[in-house]
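*Asks:* Need a 3D model of the following:
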Amino acid sequence: MIKLPGKLKSFLETRKKEDAFRTLQATDGSIDFLSNDYLGFATNETLFSKTFQLLLTESVAANGSGGSRLLSGNHKLYSKLESQLATFYKSNVALVFNSGYDANMGLFSSVPQKGDLVFYDEFIHASIREGLRLSNAKSYSFSHNNLSSLKEKIELNTARNEYEEYTVYIVTESVFSMDGDSPDLKAFAKYSKSNGYYLIVDEAHAVGVFGDYGEGLVPSLKLEKDVFARTVTFGKGFGCHGAAILGADDLKDFLVNFAKPFIYTTALTPHTLATIITAHEFLEELGKEPKRILMENIEFFKKQIVTHKLEESFIPSNSAIQGCIIPGSKSAKQVAKKLLDKGFNIKAVLAPTVPKGQERLRICLHSYNSKEEIGLLIKLLAGYI
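*Replies:* As a prediction, this is how the structure comes out:
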């Protein structure tokens, strides 16, 4: 086989020297404080069986979609799912994408145009950054969850903009994937609305978890009419795969016509769509119980942090994502290895995924974690850092 070019080899060597070299590892039977499967749906046997029953009921016996949605792949479960999603998330319409990464790439590479200005939180997800990189609009970051910083950046850069007609987009997440914290969405929405700006919110880590029935933070705060677009994903709280962009009818039309990650990719399989449909129905059937247990675990976890005097090491968070800062890649990886040796599956998150000096353990809590597991985890962690 032809070897990697020397320049690329040097990139790998740098990663190894910085203790930031990534490798793929198989999951084992360790206690899960790692996955985004907040409600345990990914391994739920009842959900698995209900998905199969839906395929039988709908007389769907296909292994694949056969093409993109604009060719042969727009099978009947798509309309069923997108109608369900629009109702569930209180949106005019929904457009399903193959993943959250694809959804954000499609939205941000196609919607902002030349002359437009995009202002995004400095800790925004990589998929949004990559989408903006492909856009013709200019984009600027503002300090994390800081509305004053956003206002300053907008004032400065709109004054400099050479275009008379332009649109301003503001981008944030409702629950940040690495810190687990949230912005003041009401304040962001009010500011955007009063100035005619277009607010976009990624709800990947909120849906399934927040809201009366898992609808996410935007509709639970009654802000759905003040947000231009929302990204929702199904590989976390709903334990399956795929994503959708929520918004107005004309936004959906625009994405179908101009979002390349939607146009030029094979559509999701019928089984995948059936799983998403069933997962939403299943959560509604279960009611608030899975979320109640998860929230109890989050509160218990936070109390254990205080009991063991670890508050200064943790990023304040009310979500299932709890970040324990351990500066330095080597140190963070060492603590993660010690916990794994004790049977706890937690990964160290290293630079450049997070800023250098803010390396951390990203601890994900679930409805199926026991109080005993949580208590022992914090006790061990207190002895390691």
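*Asks:* use CA for all of it now, contacts and neighbours both
*Replies:* OK.
*Asks:* What's the end-to-end length of stretch 25-40?
*Replies:* 21 Å (C-alpha to C-alpha, to the nearest Å).
*Asks:* Tell me the buried residues in that stretch?
*Replies:* Within stretch 25-40, the residues scored as buried using 16 or more other C-alpha atoms under 10 Å are 31-40.
*Asks:* mind listing the strands in the stretch 101-250 of the chain by residue range?
*Replies:* 117-121, 138-142, 168-173, 198-202, 229-233, 243-247 (DSSP state E, counting those that start in this stretch).
*Asks:* As CSV, could you dump the C-alpha coordinates of the longest one?
*Replies:* Taking C-alpha atoms only, strand 168-173 is exported to CSV below (Å, rounded to 0.1, in the frame of the first residue of the first chain):
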residue,chain,number,x,y,z
VAL,A,168,-27.4,38.9,10.6
TYR,A,169,-27.5,35.3,12.0
ILE,A,170,-26.8,34.5,15.7
VAL,A,171,-25.9,30.9,16.5
THR,A,172,-25.8,29.1,19.8
GLU,A,173,-26.6,25.7,21.4
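*Asks:* That strand pairs with which strands, and in what direction?
*Replies:* Using DSSP bridges, strand 168-173 pairs in its sheet with strand 117-121 (parallel), strand 198-202 (parallel).
*Asks:* and for the last one, what are the contacting residues?
*Replies:* Right, strand 198-202. 167-174, 188-189, 192, 226-232 (C-alpha atoms under 8 Å, 6 or more residues apart in numbering).
*Asks:* In ChimeraX, select just the buried ones from those.
*Replies:* Only the buried entries of the contacts of strand 198-202 go into this ChimeraX selection, using 16+ other C-alpha under 10 Å:
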select :168,169,170,171,172,173,174,188,189,192,226,227,228,229,230,231,232
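*Asks:* Counting neighbours, what do you get for residue 128?
*Replies:* Counted with other C-alpha atoms under 10 Å, the neighbours of residue 128 add up to 23.
*Asks:* Might one say that it is in contact with residue 103?
*Replies:* No - under the criterion of C-alpha atoms under 8 Å, residue 128 is not in contact with residue 103, lying 9.1 Å apart.
*Asks:* Outline the domain layout of the chain.
*Replies:* Following automatic domain parsing, one gets these domains for the chain: 18-38+288-384, 46-285.
*Asks:* Comparing the ones you listed, which comes out most buried?
*Replies:* Each of the domains of the chain was scored by mean neighbour count; the highest is domain 46-285, a mean of 19, by mean count of other C-alpha atoms under 10 Å.
*Asks:* Need the distance between the two termini of it.
*Replies:* End-to-end for domain 46-285, by C-alpha to C-alpha: 12 Å.
*Asks:* same question, stretch 186-203
*Replies:* 15 Å.
*Asks:* Report all helices and strands that the helix or strand bottoming out on mean pLDDT in the chain contacts.
*Replies:* Using mean pLDDT, DSSP states H and E, strand 347-349 stands out as the lowest-scoring helix or strand of the chain, at a mean of 93. The helices and strands touching strand 347-349, judged by 3 or more C-alpha pairs under 8 Å, 6 or more residues apart in numbering; DSSP states H and E, are helix 329-341, strand 360-364.
*Asks:* of those, which approaches residue 73 most closely?
*Replies:* With C-alpha to C-alpha, the closest approach to residue 73 among the helices and strands packed on strand 347-349 belongs to strand 360-364: 35.1 Å.
*Asks:* Alpha carbons only: can I get that closest one in PDB?
*Replies:* Output of strand 360-364 as PDB, limited to C-alpha atoms (Å, rounded to 0.1, in the frame of the first residue of the first chain):
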ATOM      1  CA  ARG A 360     -11.300  17.400  31.000                       C
ATOM      2  CA  LEU A 361     -13.200  14.300  31.800                       C
ATOM      3  CA  ARG A 362     -16.600  14.500  30.100                       C
ATOM      4  CA  ILE A 363     -18.900  12.600  32.400                       C
ATOM      5  CA  CYS A 364     -22.300  11.700  30.900                       C
END
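*Asks:* gap between the helix or strand following it and the chain center?
*Replies:* Beyond strand 360-364 on the C-terminal side, the first helix or strand identified by DSSP states H and E is helix 371-384. Distance of helix 371-384 from its chain centroid, counting by C-alpha atoms, centre = their mean, to the nearest Å, is 27 Å.
*Asks:* Begin at 7 from now on, thanks
*Replies:* Let's use 7 as the start, then, which means that last one is helix 377-390.
*Asks:* From the rest of the structure, what touches helix 377-390?
*Replies:* Taking C-alpha under 8 Å, 6+ apart as the rule, helix 377-390 contacts 37, 303, 306-307, 310-311, 314, 316, 341, 345, 350.
*Asks:* would you turn the residues you listed into a markdown table with secondary structure and pLDDT?
*Replies:* Output for these, formatted as a markdown table (DSSP: H, G, I helix; E, B strand; the rest coil; pLDDT from 0 to 100):
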| residue | secondary structure | pLDDT |
| --- | --- | --- |
| 37 | strand | 95 |
| 303 | helix | 98 |
| 306 | helix | 98 |
| 307 | helix | 98 |
| 310 | helix | 97 |
| 311 | helix | 97 |
| 314 | coil | 96 |
| 316 | coil | 96 |
| 341 | helix | 96 |
| 345 | helix | 96 |
| 350 | strand | 96 |
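*Asks:* what would the residues you listed look like in JSON lines with distance to residue 155?
*Replies:* Listed next are those as JSON lines, based on distance: C-alpha to C-alpha, whole Å:
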{"residue": "37", "distance to residue 155": "40"}
{"residue": "303", "distance to residue 155": "34"}
{"residue": "306", "distance to residue 155": "34"}
{"residue": "307", "distance to residue 155": "32"}
{"residue": "310", "distance to residue 155": "34"}
{"residue": "311", "distance to residue 155": "31"}
{"residue": "314", "distance to residue 155": "35"}
{"residue": "316", "distance to residue 155": "29"}
{"residue": "341", "distance to residue 155": "35"}
{"residue": "345", "distance to residue 155": "38"}
{"residue": "350", "distance to residue 155": "39"}
